[in-house]
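Student: Turn this into a structure:
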Amino acid sequence: MLRSSHPGISVDVQRARWTYEVPKAGSGSTGLEEYLVEASSGTPAGKVMTVLRKGNRVYLAVETGTPPFRRDLHAVPWEAVEGVDHASLTVRLHPSVDVERALLLDPEKGIENGPAEAVRTDPPAAPPLTVDAGSGPADRAESYALTFALAAVGLLALLAVVVLASLAESTGLWALLVLPAALLLGALVSGYRLFRRPYEGTRA
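Tutor: The predicted model follows:
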């Protein structure tokens, strides 16, 4: 048993002792791989790494945490899945399910090439989620462009302030650092939102 590292949660989490198959590096995703996992409330809970079958049991291998700070992999029983929305690439869990309390998979037991006790499999049928008309993956091109633009302009502004303040030898010009700081903070917030909801749809 392990103690969960999730902030604000102090529960014992059981670690699986069996080996499991992981997708090969560089291979394309199949089935539900890379789908967003959300709680019944719509709150992001992680991302599907793959679907595993061990004997008669099927598990959703869900990545949680924020790399590189923390990255855990939990095996959520398939029975915990409330439904799947293929339009917005989302798997929703039942209200009683807490991913952080699910069986913890040992990263040292993940096998890319070779036999494993739990193997990748096609997901069983799941009820479709009820979504609003017109739902689907949002076009994130504008969001990515905004993030990169804020970061680029912020770095240029930072460089300009440093050069001007150095040449003018004026301590007052250093106050202008608030502008590049605000731009870089905006880029950081925008990038974090993109990371947390990479497939955010248009539904409510």
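Student: contacts and neighbour counts: CA atoms only from here.
Tutor: Fine.
Student: which stretches of this structure have low pLDDT?
Tutor: Low-confidence segments of the chain, defined by pLDDT under 70: 1-12, 66-70, 130-144, 169-173, 191-204.
Student: can you tell me which helix in it is longest?
Tutor: Longest helix in the chain by number of residues, with DSSP state H as the criterion: helix 141-168.
Student: tell me what that one is packed against?
Tutor: Where contact means 3 or more C-alpha pairs under 8 Å, 6 or more residues apart in numbering; DSSP states H and E, helix 141-168 is packed against helix 178-196.
Student: quick one on the thing from earlier: can you give me the buried ones in the longest helix of the chain?
Tutor: Within helix 141-168, the residues that count as buried by 16 or more other C-alpha atoms under 10 Å are 146-148, 150-152, 154-155, 157-158, 161, 165.
Student: Among those residues, which one lies nearest to Gly31?
Tutor: Of all those, Thr147 has the smallest distance to Gly31: 29.7 Å, by C-alpha to C-alpha.
Student: from memory that closest one sits against Ala187, does it?
Tutor: Yes: counting by C-alpha atoms under 8 Å, Thr147 does reach Ala187; the two are 4.8 Å apart.
Student: Contacts only, for Gly154.
Tutor: Shown in contact with Gly154 (C-alpha atoms under 8 Å, 6 or more residues apart in numbering): 179-184.
Student: one more time with 6 Å, if that's ok
Tutor: 180, 183-184 (C-alpha atoms under 6 Å, 6 or more residues apart in numbering).
Student: ok so, going back, dump the buried residues of helix 141-168 to a markdown table, plus distance to Glu34.
Tutor: A markdown table is the format used below for the buried residues of helix 141-168 (distance: C-alpha to C-alpha, whole Å):
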| residue | distance to Glu34 |
| --- | --- |
| Leu146 | 23 |
| Thr147 | 22 |
| Phe148 | 23 |
| Leu150 | 27 |
| Ala151 | 26 |
| Ala152 | 29 |
| Gly154 | 31 |
| Leu155 | 32 |
| Ala157 | 36 |
| Leu158 | 36 |
| Val161 | 41 |
| Ala165 | 47 |
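Student: starting at the chain centroid, how far to the longest strand along the chain?
Tutor: Using DSSP state E to assign secondary structure, the strand with the most residues in the chain is strand 44-54. In terms of C-alpha atoms, centre = their mean, to the nearest Å, the centre of strand 44-54 is found 11 Å from the chain centre.
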